[in-house]
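> sequence below, structure please.
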Amino acid sequence: MQYFKNVELAKLYPVSESAVRKWIDGARQGRLDLQLYEHNSKWHIANTAKNLRLIEGLVEKGKKYKNTRSHKVVSPKPELYKLYSKKQILDIISNVETYHEIPSQYGYFNGGAEYWDKYATRLWREEGSNTVRATINLLHSNFGNLEELLHGYDKVNIIDLGVGNCLPIKELLTHLLYDRAVLGRYIAVDISSKMLDIAERNINEWFAKKVQFERCERDFNYERFDDLIVEETLTGNSSKTLNLVLLFGGTLANLRSPDDTLRFIRSSMGMNDLLLTVTKLDTEGARRYFDFNVELAIPKLNQLDRLVLDLLGMEESFYEVEQGYDEIKHARFIRVKLVVDLTFEFTFDNGTRQVELHKGDTILLWRAWHQKTLDVIDQFDRNGFALLQASATKDRHYLLTISEIAGGSQLGA
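Okay, the predicted model is just below:
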């Protein structure tokens, strides 16, 4: 390689891309002794040993002369260490440092869970097409298809991944409990204990404890859940029991690596189990959709997106909010762009850990991958699932899929 692209140097050291452009300007004006390379009428820093030594010196000099106006050192609030486990905090650190991202599941703790409950309830009460109403309507219109798939089973367990407040599945549970009288266990899996509290409250209120709520605080993006039903699979009646695994709320589209999560889910399922998902499909309108607020007034960031930032000690003056649609990645995003150099300083019993970010860097808070129907089908196929049913809403904005493990698949988690 004869030269470095600006983004390559920014990641290599790391510095901001604006810093790299300043080095190039300084070299062109004779203030820096860097060798440049011109390509397609653009100037780049040449890949030479001398340049690398000079750049290392510039980086160290920049660190030495940072001042409090352009560089902020922040310590997380004590609540961060109380709210999240050490493992979860290390996962947040790793994602911020490596991917410049805060995984969205950590927003559903504490007040974030209550905010989601209000938001989902608002969608449930609204007319028109939205994630909650579409899930309810798609499930209702597919009860006939489910009847065929459940034929011959005396007991149906529900494993609900990322439970939310359970509103989208209220009618499904009612159907299995009263109409079909086959509902067995209801197992709620979520990383947030507060979200599980809200779900348990609703289930008990709706069904007067006729649905036995089993809670499991777990991150299914990294952890399998087959242990929750392993004893049942060893009994003599296992051939008459089917597990419905539910993944609703747009969860899959929000993940950094949906394929990895699908493989974990697949490796936790039995050969007779079914996976139900609802996907918001790619449309021109969907690319502009960012209505995540409970009230009509629009805050700078909603409570879900702001929770971890606040706990990290980030002040609003440190960043600007950006939201849009990435044409290359085919994803909507909400992120913050730093207007200062920033160092996070985490304190643990055995020492401290620092994470440095630079002015101009972004931290992704939320994403939604955009897929068309064939993209969804291909995603399940390459991750070891066989599609049994697919049903779209009349406006073709949402797609329900029912899948099973593909026979003879050799994919691993």
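
> strands of the stretch 201-350 of the chain, residue ranges please.
Taking DSSP state E, counting those that start in this stretch to define them, one finds strands in the stretch 201-350 of the chain at 213-217, 241-247, 274-280, 319-326, 331-338, 341-348.

> point out the most buried one among those.
Mean neighbour count, computed with mean count of other C-beta atoms under 10 Å, is highest for strand 274-280 among these, reaching a mean of 24. Glycine gets a C-beta too; all of them are placed from N, C-alpha and C.

> so which of the strands of the stretch 201-350 of the chain comes closest to residue 72?
Distance to residue 72, taken as C-beta to C-beta, is lowest for strand 341-348 among the strands of the stretch 201-350 of the chain, at 5.3 Å.

> next, the angle strand 319-326 makes with that closest one.
Using axes from the mean of the first three to the mean of the last three C-alpha atoms, to 10 degrees, the interaxial angle of strand 341-348 with respect to strand 319-326 works out to 100 degrees.

> strand 341-348 - contacts with which helices or strands?
Applying 3 or more C-beta pairs under 8 Å, 6 or more residues apart in numbering; DSSP states H and E, one finds that strand 341-348 makes contact with strand 71-74, helix 86-99, strand 351-357.

> about what we covered before: can you check which of the strands of the stretch 201-350 of the chain gets nearest to residue 404?
By C-beta to C-beta (comparing all of those), the closest turns out to be strand 274-280, at 5.7 Å.

> what mean pLDDT would you report for that closest one?
The average pLDDT within strand 274-280 is 96.

> helices or strands up against that strand?
Secondary-structure packing of strand 274-280 (3+ C-beta pairs under 8 Å, 6+ apart): helix 131-141, strand 241-247, helix 251-254, strand 398-405.

> ok, which stretches of the stretch 1-150 of the chain are helices?
Applying DSSP state H, counting those that start in this stretch to the stretch 1-150 of the chain gives helices spanning 6-12, 17-28, 49-64, 78-83, 86-99, 111-125, 131-141, 143-150.

> worst mean pLDDT among those?
helix 49-64 (a mean of 82).

> not counting that helix itself, show me its contacts.
The contact list for helix 49-64 (C-beta atoms under 8 Å, 6 or more residues apart in numbering) reads 9, 13, 15, 19, 23, 32-35, 45.

> selection in PyMOL covering whichever of those residues are buried, please.
To isolate the buried members of these in PyMOL, using 16 or more other C-beta atoms under 10 Å:
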select buried, resi 9+13+15+19+23+32+34+45
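
> among the contacts of helix 49-64, name the ones in strands.
Among these, the members falling in strands (DSSP state E) are residue 45.
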